[in-house]
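In: okay, sequence plus prediction incoming.
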Amino acid sequence: MAERTPSSHTGSLREQAVRWIVRLNSGTATPGDRREFEAWLAAGPEHRHEFEQLSRMWAALDGTQSLLTTEIDKAEQLWERYTANRQAAGRWSWRSVAWPAAGAAALVLMLVTAWWWMRLPEVWMYETAKGAQRQVTLADGSMVMLNTDTRLTVQFSSRTRLIRLDQGEAWFTVRHDERRPFTVQVANGTIRDIGTQFMVNKAPQAVRVNVWEGVVEVGVRAPDESGAAAHPAILREGQQVSYDEEGRMSDIRSFDREMVGSWKDGKLIFRSQPLKQVLTEVARYRPEEIRLLDPSLEEFPVSGVFHIHDLEHVIPILEDALPIRAHRVGTNLIVVERPPASSTGR
């Protein structure tokens, strides 16, 4: 009677991955085992991720944890017993024959890798230069798009998914995982995802959070407090909030989705925005500093659509439309001011 390969499609994803690691490293894996493993691996990206995570942790134990020698020897002995049972049985059940041995070996491996998992969270760092953008897919399948001059750190463990945004702006599309909350720390605030898509902008004066889909919770600490705000803001689709380093949070309000999220499409859209704000935004993508010298020009309204990779034409366009003149000072500074009265013609 044909031998049936024990099922590794029951239990949690981690338990399944543990069983495959134990089976494939037992020295007795058959071609049928390997075909079933390939099918299991191809069932979804989360399968491959879980297997690779546990494989790296198991490999890291080799030669580094002498105290685990006894436990590993026990696991090998159990696999020898499993192999003997497998050869002697013409027909058997994974639960009744394999599990006493294979399950014990898997349990040893699970405890060891879980111990390492809690102590060795994976950390990734991502950044972009001025004018550059980058989209990354995280280990859990979530996606992050980094805008210009952005730096963030990603730290994943078995229990948490933690992002720290050190500077810049990022758009998050979060893959749901009830076991591991997705949290973004920015300055003195914490953004916890309860939904799907949101954007965070860390500017010098304040942090702004915008929600496109789902729900997020925003909590802020005051400078002299160690905990989060007692009553965090709950933002839903189409809402935004901002907070500063003093722990002050704005009221929840709606926002212009097309304008705020236009950078994802390679554009900057302004609708009657103050000149000072427009120049500040353009400067985020340019190598030069842009400095507005005349305070009386700050509130001039500006409307328009500009392409992020063609921003050298923004200043000449503004000069034609507004009573301003710009000139360079060295290689890293553009000064914007009023033109002499005789040259304005206004």
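Out: The structure has been received and is ready for your questions.
In: and stretch 288-300, C-alpha only, in PDB?
Out: As requested, C-alpha coordinates have been extracted for stretch 288-300 and formatted as PDB (Å, rounded to 0.1, in the frame of the first residue of the first chain):
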ATOM      1  CA  GLU A 288      18.900  74.200  -2.500                       C
ATOM      2  CA  GLU A 289      17.400  76.100   0.400                       C
ATOM      3  CA  ILE A 290      14.600  78.500  -0.600                       C
ATOM      4  CA  ARG A 291      14.400  81.500   1.700                       C
ATOM      5  CA  LEU A 292      11.500  84.100   1.500                       C
ATOM      6  CA  LEU A 293      12.900  87.400   2.800                       C
ATOM      7  CA  ASP A 294       9.800  89.600   2.800                       C
ATOM      8  CA  PRO A 295       7.200  88.600   5.400                       C
ATOM      9  CA  SER A 296       4.500  90.600   3.500                       C
ATOM     10  CA  LEU A 297       4.700  88.000   0.700                       C
ATOM     11  CA  GLU A 298       4.100  85.000   2.800                       C
ATOM     12  CA  GLU A 299       0.300  84.900   2.400                       C
ATOM     13  CA  PHE A 300       0.100  85.400  -1.300                       C
END
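In: list of residues touching it?
Out: Stretch 288-300 is touched from outside by 274-276, 279-280, 282-283, 315, 322-324, 328, 331-338, with contacts defined as CB atoms under 8 Å, 6 or more residues apart in numbering. For glycine as for every other residue, the C-beta is placed from the backbone atoms N, C-alpha and C.
In: so Asn201 lies in a strand, does it not?
Out: Yes. Under the criterion used here (DSSP: H, G, I helix; E, B strand; the rest coil), Asn201 sits inside a strand.
In: for it, give me its contacts.
Out: 168-169, 207-208, 210 are the contacts of Asn201 under CB under 8 Å, 6+ apart.
In: hmm, 6 Å instead?
Out: Residues counted as contacts of Asn201 (CB atoms under 6 Å, 6 or more residues apart in numbering) are 169, 208.
In: distance-wise, check Ala233 relative to Lys202.
Out: Going from Ala233 to Lys202 by CB to CB, to the nearest Å gives 17 Å.
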